[in-house]
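# Next come a sequence and a model predicted from it.
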Amino acid sequence: MAEQEQSLFAKRFRGFFPVVIDVETAGFNKDTDALLEIAVSLLKMNDEGELSIDNTLHFHVAPFEGANIEQSAIEFNGIDPFSPLRGAVEESEAIKEICKAVRKAQKDTGCQRSVIVAHNAAFDHGFLNAAIERNNIKRTPFHPFVSFDTTSLAGLALGQTVLAKACRAAGIEFDNSQAHSALYDTERTAELFCHIVNKWQALGGWPLPQEEEQQVPTGDDA
């Protein structure tokens, strides 16, 4: 039986499915500091190869047992880790639900592995990987170290590296009063990533031009 043709999505990122995330934490140390909030935007692609947001998952997360909480961090993001009004779930529940949804979306798009997209991606990727390891999740869809960093992409495409300034340069509305919410920042980052990828295509940067087949001289051409 002939192999199924790759989907447009799978062709675009060599079989990778980009997943946009943002985390809010109780510090900068991925191994010791609590993960307090996480949001994930899943993307879709139309028949013209243009990306947009499909849906977003969002969880308030209860600090894991023994987690460190830096006072300066929670003063910055305004999160009360132990407020019952947060409706926080256990870290393991949030990560398992995210992995389940990402695996399904990845499969539906014909991709083989998922890749984190984030603004200053090393930070978010590190906290996600630490949570996955801490909760002994074996079937993770995420690549362990590859990521797409919208800080670098925005610097190249828009001349801006701060998320709010990059969004405004791209014509994406950004409300500073809603920033540092995982849900808000994830969706703005997703819009920014889609804008850059779509703009690159519109400018003719994708798909790559096919290399012309080299014509082998015949005896008559010699």
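Nice, thanks for sending it over. Residues are numbered from 1 along each chain as shown.
# May I see the buried residues of the helix or strand in which L183 is found?
Using DSSP states H and E, L183 sits in helix 182-202. By 16 or more other Cβ atoms under 10 Å, the buried positions in helix 182-202 come out as 182-198, 201. C-betas here are computed from N, CA, C, even on glycine.
# Also stretch 147-157?
For stretch 147-157, by 16+ other Cβ under 10 Å, it's 147-151, 153-154, 157.
# Let me see the ranges of the helices in this structure.
Ranges of helices in the chain, per DSSP state H, are 8-12, 71-77, 91-108, 121-134, 150-158, 163-169, 182-202.
# Contacts only, for V115.
13, 16-19, 142-143, 146-148 (Cβ atoms under 8 Å, 6 or more residues apart in numbering).
# and of the residues you listed, the nearest to C167?
F148 (16.5 Å; Cβ to Cβ).
# so what's the closest one bridging to?
Note on F148: beta-bridge partners by DSSP bridges are V117.
# if I look at it, how far off is A179?
21 Å (Cβ to Cβ, to the nearest Å).
# Could you pick out the buried ones from the contacts of V115?
Looks like those have 16-19, 142, 147-148 buried, using 16+ other Cβ under 10 Å.
# Count the neighbours of A101 for me.
Per other Cβ atoms under 10 Å, the neighbour tally for A101 reads 16.
# residues contacting it?
40, 42, 57.
# Export these to TSV and append columns for pLDDT.
Shown next, in TSV, are the contacts of A101 (pLDDT from 0 to 100):
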residue	pLDDT
V40	98
L42	98
L57	98
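# doesn't L128 make contact with I21?
Yes: I21 lies in contact with L128 (Cβ atoms under 8 Å); the separation is 6.4 Å.
# Give the intersection of the neighbour lists for the two.
38, 116.
# what's the farthest-apart pair in the contacts of V115?
Between all members of those, the farthest pair (by Cβ to Cβ) comes out as F13 and F142, at 13.8 Å.
# Verify the contact between E97 and V40 for me.
No: between E97 and V40 there is no contact under Cβ under 8 Å: 9.4 Å.
# and E90, how many neighbours?
Around E90 there are 15 residues (other Cβ under 10 Å).
# Now do the closest residue to it other than its chain neighbours, the pLDDT please.
Spatial nearest neighbour of E90, chain neighbours left out: A62 (5.7 Å); criterion: Cβ to Cβ, 6 or more residues apart in numbering. What the model reports as pLDDT for A62 is 98.
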